[in-house]
Structure formats: C-alpha cells, structure tokens
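>>> Could you look at this predicted model? Sequence included:
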Amino acid sequence: MTLSRLLIYLGVLVSALMLVSINLGSGQVNMFDLLDPDRSAAVRLIVLEIRLPRTLIAAVAGASFGICGAAMQGLLRNPLASPGLIGSSSGAALGAVIVLYLGWGQVFWLLMPLGGMFGALVAMVLVYLLAGRNASIVTIVLAGVAINALAMALMSLILNLAPSPYAVREIVLWMLGSVSNLGMNDLWVLLPPTVLGWLLFTGAGRALDLLTLGEDTAHSMGVDLGLLRTRVFVAVALSIGAAVSITGAIGFIGLVIPHLLRPLVAYQPGRLLPASALGGAAMLLAADIVVRLMPPGPEIRIGVLTAIVGAPFFLFLILKTRRWQI
Amino acid sequence: MLELKNMEVSLGGQPIVRGVSLRVDHGEMLGLLGPNGAGKSTLLRSILQLIPSQRGCIELEGQSANDIPIQQRARKIAYVPQQGPVNWPLTVERLVALGRLPHLSGWQQPAALDQETVERILKQTDLEHLRNRAATTLSGGERTRVLLARALAVGAPLLLADEPVAALDPSHQLQIMQLLRAYSDAGHAVIVVMHDLTLAARYCHRLALMHEGKLVTSGSARDVLNPENLAAVYNINARYSQGDEFYIIPWQRVADRG
C-alpha cells in the first residue's frame, strides 16, 4: 500500500470517529440540530462547547501520543520504546500534579498545562544531560528509566503528603487520564506547543530512515546525530508535555499504534510518523467513544482503558520480539 | 583524491592512530592491513569525522574535510561499517534505495535517475531476485552484499569498507572483492580494511600496513607482505607462491617456531 493511500484511509477513519464523537452523548443532540433555530442555544452549548473541544483534544493529543511513539522507536531503534520510557510523560504528569497539589490550578487554569509542559521539558533536559550529547541508546534508555523512576517517586510523595483524601482523589483521577470536562480554552493551550513539536518532526523522517543502518552509517550519509536527538527530544517534550498536561497520563498509544502500522509503511521509520499521528488520533477518539458508551456508573477513565488494552499487547510484543529478535 | 597528513587520533586519552600519512587516488583500491587493534577502523572512522583527530589533516579532492558540510561529505564518501546493523525489516530494494538519500534535499522525491541507479546496483550485485525480501531475513553473505550495494548506490568518489569479507565463505569473499575492484576500476577510490592477506594482495592495487597505530609501509603486495614485515607486525611466518602470481599462506607464529 502506498503511503498516501494509507494516510487517506486513516484520515477517513479519524474523520468518521470525530463525527461519531461529536454526535454521541446524552440529550439526543446531534450536529444537525445546530441548523434548528428553536434549539440553537442549548445545542450550541452541548455540541460546540462540550463535545467539539472534547473531540478535537482527543484527536490532537492522540496524534501526539502516536507520532511521539513512532519517533522514539525510530530514534532508539527499538519497538518497545515510547515517550514514557524516556521520562517525558511522567515528567509532564509530575509538573501537572505539583500544580494540582499546590492548588494553583484553581487560581489560574493556565498553570496546569504550563506545569505539565515545564515538567516534560525538565525531564527531557535531565535525560539529555545525564546521557550526554553523543550517548549510546542504552545510556539514553537508562537515563530515561532513572528520571521516570524519580518522577514517579516524587508523585508518590505528593500523594503521601496530600492534605486531604479529596486532594488525593483529584490527583489520582487526573493521573488516570480523561478528555471529559475540557473546553475550547484547553484546546488553545494544547495547540501551539503541539504544532511546534509536530513541525520539528517533519524534517526528521529521512534521518530516522537512515538510522535503520546504525548510527555510524547514518552519520556517513549526512545525519547529524546530535542535532537529530535534540530535535526529537524537544519535539517530544513539547507535544507530549502539552498533551499529558491537558488529558492526564494516557499510556500505550505511543507503543501500540506505531507497532500496528509499521508493516503497512514497509517498516520505514520516516513514513511511520504521519501514519502514527493519524493512528494515535483514531485510537484515542475510539477509546473516548468506548468510555462514553459504558453503562452509567463510575466513569472508566481513558488511561485505564488504554492500559487494559495496551498492557497485554506490550507483553505480546515482548514475546514476539524475543522470537524474532528484531 | 584523499590525502591524510600526519593523522593522530586518541580514544579515551589512549593514542590509537599515531602520525599516519597516506593517500589514495581515483581508480585506486587500497587495502589497509594490520593486526587487531592496529588502528585501521579508527582511521576510517576519523576520515568520516565520526571520531575527531587530535592532529593532522584530511584533504578530500583538495579541500579540507573539516570544511565540507556533512550533507556534501555524504555524497563524497560512502561507508560500509564492520558488521553494520539492519534495525528494521526493510526490503532489500528499499534498503539499497536509502543510498540515494544524500542526493535528495528537503522534501525532494527520488527521481528517475535515482531509481535507475538502484536498479543498476541491484543487477550488478546480483540482488534482483531478493529485492522484496526483508533484509533481516538474509544470510550473512547476502546481507553483506546488500549493505555494500547500499554504499555503492551513493555513487561516491570514495568508498570506505571495514572488513567487508570477514565471516564470509570463499565464494562470497570473492564476489565482494570483485564488486569493490569493479567500483575502483570505474574511476572511484576504495579503501578496504582486511585481514585476508591473499585476497588483499590479489585484488588491491596497493597495500598499506599498520601496526600499533603507525603506518609501517605501503606499496605493492610483494613489498608490503615481505617476511620481515609479517614477522614484525603479525608475528608470523608465511609460505609464498613460486610463480609470477603472488599469493601467501600464513604458516606459523614466530613464537611457535622451534
């Protein structure tokens, strides 16, 4: 299958899921009711202020999770790599949790996403400084694991020191991930760093293709490895930091989607980037639709759903990798 | 074409290449010989600027290699590393086509000329029947041929190959050496690091012998692989051919004699 045909198929899938997402929910309201002048005020509120931002944020954040997973797997040449592996997700989560713990989120709503982005950037900078500019893959992964562990430990400390059970509940629920109760303001916060991150990815595709042949060969073919790493790290910090700070820590999309789509792009890491962005958007939209279709009761958070689907897949991937030795 | 002047390279404070001066011309195939740890691979890697040299200079077509931008250098030097990895199961055709990427800028898509080059290289290297196979499923010999084909597809005036025939059977060794020789006969410069003295003598125009980071000598196979040099550098004795054709068989370690 050609790349353009695959992107068209995935684009159609994402568009269809967005239409379902906008028209799904209680109140028997759909987007065509916007045309009915008698119902316009309530309908505008439900469709444009509640469902539309939810849908768009799920698509944008999902695309970031997908493209960042593909980029990290290409850069580290490992199908088990993901943004979580090198600490960006947990760094973002820690930044946002600190804002929640201090209650700053209620003072000024923008502080929460800013905290997340700052946390992701700090985590990536620390990994970068720990590993060094020309570090080996193993050193980068080890530095990422260390920063990940530190961020998780600090989050546990914050939960431990939380002043009330309500604060603990608020933090834990946020960490489980969700795209409900989000407005257009959140989308405007999410978009600028996300788009900047995506733009940084655009020129990295061919360099990631050449990395298939190892770092020495890639260098001999004109790839500045230090620059490529910096570019991918900054792009991941910006787009994952923004996504996690708005939606919470939603895992496994960056792991599962690139792996599913890789055979369809003939295993070329550069071609996998745009396909994984669309695939990630489709998966998060679909997960959100499934969560909304659940019977009434305690809401199942999206992060829980993606983990329940993703964790067995991760195990399957390890077993397959062991057999294939890819 | 390529001239190295008084190159000195250290790794972790340890001098690995010590004052090496060497040149290779268009249409010449130079065999770089020496025991393990002599500094051959480090010298190749420093030519590629993968390792910085502490002293000396590298001139490529009359221009200092340091002054050549990395993308431009990628079109001038092709490299086949020792046991190069293939990290994803790309097809043979796609992998060979990666060799054309240094010729494409930004969003530029491969042109008909790039596709023609890939087809010609696949034919030259006898890989046409494997074009749709995943490169990760190939045998050692096939894989080496694919990695060499990728380097040949660059069409660079200088090709550096680091032990391309190590771990190959005699038939595949001959095939790889013939490909390298044909590339140099087409007017390109080739530097090939080797351990097989007979193959090096048979296919290379000139040999250079390194020992403990220094260049011991360079010249014809008869001059370089003489008994004194083999004893001093490899610590071996060899049996030599009697006729006009030059070949040698490593025979005995000097220390084992007696």
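Happy to help now that I have it.
>>> How about the secondary structure of residue B:251?
strand (DSSP: H, G, I helix; E, B strand; the rest coil).
>>> List the residues that contact the residue nearest to the spatial centre of chain A.
Centroid-nearest residue in chain A, with Cα atoms, centre = their mean: residue A:65, separated by 2.6 Å. Residues in contact with residue A:65 (Cβ atoms under 8 Å, 6 or more residues apart in numbering or on different chains) are A:83, A:240, A:243, A:250, A:253-254, A:257, A:280, A:284. All C-beta spots, glycine's among them, are computed from the backbone N, C-alpha and C.
>>> Mind giving me the PyMOL command for buried ones among those residues?
Command for PyMOL that selects the buried part of the contacts of residue A:65, burial taken from 16 or more other Cβ atoms under 10 Å in any protein chain shown:
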select buried, chain A and resi 83+240+243+250+253+254+257+280+284
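>>> List the ones among the contacts of residue A:65 that fall in helices.
A:240, A:243, A:253-254, A:257, A:280, A:284 (DSSP state H).
>>> need the contact list for residue A:42.
Residues in contact with residue A:42 (Cβ under 8 Å, 6+ apart) are residue A:29.
>>> Need phi/psi at it.
Dihedral angles of residue A:42 (phi, psi; degrees, to the nearest 10) stand at phi -70, psi -40.
>>> repeat for residue B:219
phi 160, psi -150.
>>> need the contact list for it.
B:206-207.
>>> Specify the beta-bridge partners of it.
Using DSSP bridges, the bridge partners assigned to residue B:219 are residue B:207.
>>> on that earlier part again, pick out whichever of the ones in helices among the contacts of residue A:65 sits closest to chain B.
The closest of the ones in helices among the contacts of residue A:65 to chain B turns out to be residue A:257 (Cβ to the nearest Cβ; 16.1 Å).
>>> my guess is the closest one contacts residue A:283, does it?
Yes. Here residue A:257 reaches residue A:283: they are 5.7 Å apart, a contact under Cβ atoms under 8 Å.
>>> what touches both of these two?
Applying Cβ under 8 Å, 6+ apart, one finds that residue A:257 and residue A:283 are jointly contacted by residue A:66.
>>> Local confidence estimate at residue 164?
You didn't pick a chain, so chain A it is. Looking at residue A:164, its pLDDT reads 82.
>>> wrong one, I was asking about chain B
92.
>>> do residue A:323 as well
62.
>>> Tell me the residue of chain A that sits nearest chain B?
Of all residues in chain A, residue A:222 sits closest to chain B, with a separation of 3.3 Å (Cβ to the nearest Cβ).
>>> Looks to me like residue A:109 is in a strand.
No. Residue A:109: not assigned to a strand; according to three-state DSSP it is coil.
>>> Just give me the neighbour total for the nearest residue to it once chain neighbours are set aside.
Leaving aside its sequence neighbours, residue A:109 sits nearest to residue A:185 (Cβ to Cβ, 6 or more residues apart in numbering or on different chains; 6.8 Å). Per other Cβ atoms under 10 Å in any protein chain shown, the neighbour tally for residue A:185 reads 12.
>>> which residues sit in contact with the residue of chain A closest to chain B?
With contact set as Cβ under 8 Å, 6+ apart, residue A:222 has these partners: A:210, B:70-71, B:73-75, B:101-102.
>>> Within reach of chain B, which of the contacts of residue A:65 are there?
Here nothing survives when the contacts of residue A:65 are matched to chain B using Cβ under 8 Å from any Cβ of the partner chain.
>>> Assign a three-state SS to the closest residue to residue A:116 other than its chain neighbours, would you?
Nearest residue to residue A:116, sequence neighbours excluded (Cβ to Cβ, 6+ apart): residue A:245, at 2.1 Å. At residue A:245 the chain is in helix, as set by three-state DSSP.
>>> In this structure residue A:245 contacts residue A:94, no?
No. Contact criterion Cβ under 8 Å: residue A:245 and residue A:94 do not qualify, at 10.5 Å.
>>> any shared contact partners between those two?
With Cβ under 8 Å, 6+ apart, residue A:245 and residue A:94 have common neighbours residue A:119.
>>> What parts of chain B come near chain A?
B:45, B:48-50, B:70-71, B:73-75, B:77-79, B:81, B:84-91, B:94-95, B:98-99, B:101-102, B:104, B:106, B:134, B:136, B:147, B:150, B:154.
>>> Secondary structure element holding the closest residue to residue A:228 other than its chain neighbours?
Excluding the flanking residues, the one nearest residue A:228 by Cβ to Cβ, 6+ apart is residue A:207, at 4.9 Å. Per DSSP states H and E, residue A:207 falls inside helix A:205-211.
>>> So what does residue B:31 look like in phi/psi?
phi -90, psi 120.
>>> Would you list the phi and psi of residue 82?
Chain wasn't specified; assuming chain A. The phi/psi pair for residue A:82 (degrees, to the nearest 10) is phi -160, psi 170.
>>> ah, no, chain B please
phi -70, psi 120.
>>> got the contact list for it?
Applying Cβ under 8 Å, 6+ apart, the residues contacting residue B:82 are B:41, B:162-163, B:166, B:193.
>>> what about 10 Å?
By Cβ atoms under 10 Å, 6 or more residues apart in numbering or on different chains, the contact set of residue B:82 is A:216, B:40-41, B:44, B:161-164, B:166, B:193.
>>> Now for residue A:41, how many residues are close by?
What residue A:41 shows, counting by other Cβ under 10 Å, is a neighbour count of 8.
>>> Now it: which helix or strand?
helix A:40-43.
>>> so for that helix, what's the average pLDDT?
Mean predicted lDDT for helix A:40-43 stands at 74.
>>> do stretch A:252-272 as well
92.
>>> Which positions in the stretch 51-200 of chain A make contact with chain B?
The stretch 51-200 of chain A comes close to chain B at residues A:73-74, A:76-79, A:134, as judged by Cβ under 10 Å from any Cβ of the partner chain.
>>> Give me the subset of these lying in helices.
A:73-74, A:76.
>>> With respect to residue B:180, which of these is nearest?
When those are compared for distance to residue B:180 (Cβ to Cβ), residue A:74 comes out closest, at 31.0 Å.
>>> Now that closest one. Nearest residue, chain neighbours left out?
The shortest distance from residue A:74 to any non-neighbouring residue, by Cβ to Cβ, 6+ apart, is to residue A:269 (3.3 Å).
>>> how near is the one you found to residue A:310?
Applying Cβ to Cβ, to the nearest Å, the value for residue A:269 to residue A:310 is 21 Å.
>>> between these two, which one's more packed in?
residue A:269 (28 against 22).
>>> one step back: now the residue nearest to the centre of chain A. Nearest residue, chain neighbours left out?
Using Cβ to Cβ, 6+ apart, the closest residue to residue A:65 is residue A:253 (3.9 Å).
>>> What confidence value was assigned to the residue of chain A closest to chain B?
Per-residue confidence (pLDDT) for residue A:222: 92.
>>> quick check, it in a strand?
No. Residue A:222 is assigned coil when assessed by three-state DSSP, not a strand.
>>> That one and residue A:180, how far apart?
Noted for residue A:222: a distance of 47 Å to residue A:180, by Cβ to Cβ.
>>> In the stretch 151-258 of chain B, which residue sits nearest chain A?
residue B:154 (7.4 Å).
>>> so that residue sits right up against residue B:101, yeah?
Yes. Using Cβ atoms under 10 Å, residue B:154 is in contact with residue B:101, at 8.9 Å.
>>> quick one: secondary structure of residue B:50?
Residue B:50 ends up coil, using three-state DSSP.
>>> mind checking which helix or strand residue A:117 is in?
Here residue A:117, judged by DSSP H and E, is contained in helix A:111-131.
>>> buried sites along that helix?
Those would be A:111-124, A:126-128, A:130-131, for helix A:111-131 by 16+ other Cβ under 10 Å.
>>> Dihedrals phi and psi, the most centrally placed residue in chain B?
For chain B, residue B:161 is the residue whose C-alpha lies nearest the centre (Cα atoms, centre = their mean; 2.0 Å). The phi and psi torsions at residue B:161 (degrees, to the nearest 10) take the values phi -130, psi 120.
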